[in-house]
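Peer 1: Sequence plus the predicted model coming up.
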Amino acid sequence: MRVLRNKGFDKSKWMQLPRDVIVGHGVLGQLPRVLEDLSLGESVLVITGRHTRAVAGKKVIAMLTRKYDTRTFLAEEISPAVIREAEREARGAEILVAVGGGKIIDTAKIASFNTDRQFISVPTAASHDGIASASASVPTPEGNLSLKAHPPVAIVADTGIIASAPHRLLASGCADIISNLSAVLDWELAHRLRGETISEYASTLSRMTAEAMIRNADLVRPNTEETAWMVVKALVASGVAMSIAGSSRPASGGEHKFSHALDRIAPGKGLHGEKCGIGTIITLFLHGEDWREVREALKKIGAPTTPREIGIDDATAVEALLLASTIRPERFTILDTGITRDSAESLIRMLSKD
Ligand SMILES: [Zn+2]
């Protein structure tokens, strides 16, 4: 066959997506079958935390020990030192299984990427879209560092386990999904203003996921498997949008920069998705969108809508809003269009207005 060569067409892309996604009631028990399906080896390193080991890790270890050479690594926190230790352990195994929340999954994601192994994501909570994405976040003294790794080769999300986690974690996951709305608007702005390449498929999928979450905010009920199901599917869709784009652009814009700025100046306050949700209200207002509708949806879900609800005073939030544009400056967002101290103060005040 003759290969047609189009003059001027030199585009190419490498998309990495999860291969097996298993979501639902009691699916934890299917993990051995997933490993069998993937045939990646006979030795497994399970990365889990002290609490998540009790919730699901123990069961996973017991199941896998029957058939695989299984070792465990307890990651109590995420830090460059813990990741290095996890990498040392990972070299003695062929595949990694992360059982836990965002920090455990991010530790496994980086360790597996750096040691050239695949990892399976077994989330015990649905608190952000990192459960299905290729990027990971590592705290450093200078703030959180966003690292590009690879997406999990499989996701096993047991809705029974996820529904048992504190509702605050799931509400934070919902807010992270809703923030896609702002991220996509920023991406479109960067496309129009700076000529940045945009993927229509990735932006459409990401926006659709956020809109469905807003539409279904009324259906969010604490500690129910129906809600866990809805949120996990949305988080996976968000991860897929990022895989199609080849970057976190469809799910991370100015609202994420605001969240990262808060990580830096008010460390330890609020969850990732909570901070992104609050940032989304601000960025949607700046984009001229219906920010009140989003604020209402966040309230219904049980996510915070003001910095004070997560223990951050208004003055600190103003500083974060001013700092936000300096974080990852190459990623152009609405926060790069000229926020002054006066406007930052009135934007933060707006959050608590009726
Ligand atoms: Zn996020």
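Peer 2: Yep, that arrived. Numbers count the residues shown, from 1 in each chain.
Peer 1: show me what contacts Asp158?
Peer 2: Going by Cβ atoms under 8 Å, 6 or more residues apart in numbering, Asp158 touches Gly24, His25, Gly26, Val27, Leu28, Ala56, Val122. C-beta coordinates here come from the backbone N, C-alpha and C atoms, glycine included.
Peer 1: Tell me which residue is most central in this structure.
Peer 2: Nearest to the mean C-alpha position of the chain, counting by Cα atoms, centre = their mean, stands Asp129 at 2.6 Å.
Peer 1: Next, that one: phi, psi?
Peer 2: Here is the backbone geometry of Asp129 (degrees, to the nearest 10): phi -80, psi 0.
Peer 1: Double-check it against Ser179; I have them as touching.
Peer 2: No. Using Cβ atoms under 8 Å as the test, Asp129 is too far from Ser179 to be in contact (9.3 Å).
Peer 1: list residues touching both of these two?
Peer 2: Ala251.
Peer 1: Can you give the contact residues for stretch 235-250?
Peer 2: Residues contacting stretch 235-250 (Cβ under 8 Å, 6+ apart): 13-18, 21, 23, 126, 128-129, 131-135, 146, 148, 151, 155, 157, 173, 176-177, 180, 183-184, 187, 199, 201-203, 205-206, 208-209, 251, 256, 331.
Peer 1: Could you check the pLDDT of Met1?
Peer 2: We have a pLDDT of 66 for Met1.
Peer 1: just the helices in the stretch 101-250 of the chain please.
Peer 2: Listed in chain order, the helices of the stretch 101-250 of the chain (DSSP state H, counting those that start in this stretch) span 102-114, 159-164, 167-178, 180-194, 200-215, 225-245.
Peer 1: what's the closest of the ones you listed to Leu286?
Peer 2: With Cβ to Cβ as the measure, helix 180-194 is the member of those nearest Leu286 (9.1 Å).
Peer 1: Which strands or helices does that closest one pack on?
Peer 2: helix 200-215, helix 254-265, helix 272-286 (3 or more Cβ pairs under 8 Å, 6 or more residues apart in numbering; DSSP states H and E).
Peer 1: could those be laid out in JSON lines, adding mean pLDDT and mean neighbour count?
Peer 2: Formatted as JSON lines, these follow (pLDDT from 0 to 100; neighbours: other Cβ atoms under 10 Å):
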{"stretch": "helix 200-215", "mean pLDDT": "98", "mean neighbour count": "19"}
{"stretch": "helix 254-265", "mean pLDDT": "95", "mean neighbour count": "26"}
{"stretch": "helix 272-286", "mean pLDDT": "98", "mean neighbour count": "27"}
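Peer 1: Helix 272-286 and the lowest-mean-pLDDT helix or strand in the chain, what's the angle between them?
Peer 2: Across the helices and strands of the chain, mean confidence by mean pLDDT, DSSP states H and E is lowest for strand 143-148: a mean of 79. On the basis of axes from the mean of the first three to the mean of the last three Cα atoms, to 10 degrees, strand 143-148 is oriented at 90 degrees to helix 272-286.
Peer 1: Can you check what angle separates strand 143-148 from helix 254-265?
Peer 2: Note on geometry: by the same axes, to 10 degrees, strand 143-148 and helix 254-265 are set 130 degrees apart in direction.
Peer 1: element containing Thr52, please.
Peer 2: Thr52 belongs to helix 50-52 when assigned by DSSP states H and E.
Peer 1: any idea which helix or strand comes after that helix?
Peer 2: Where DSSP H and E defines the elements, the next helix or strand beyond helix 50-52 is helix 58-65.
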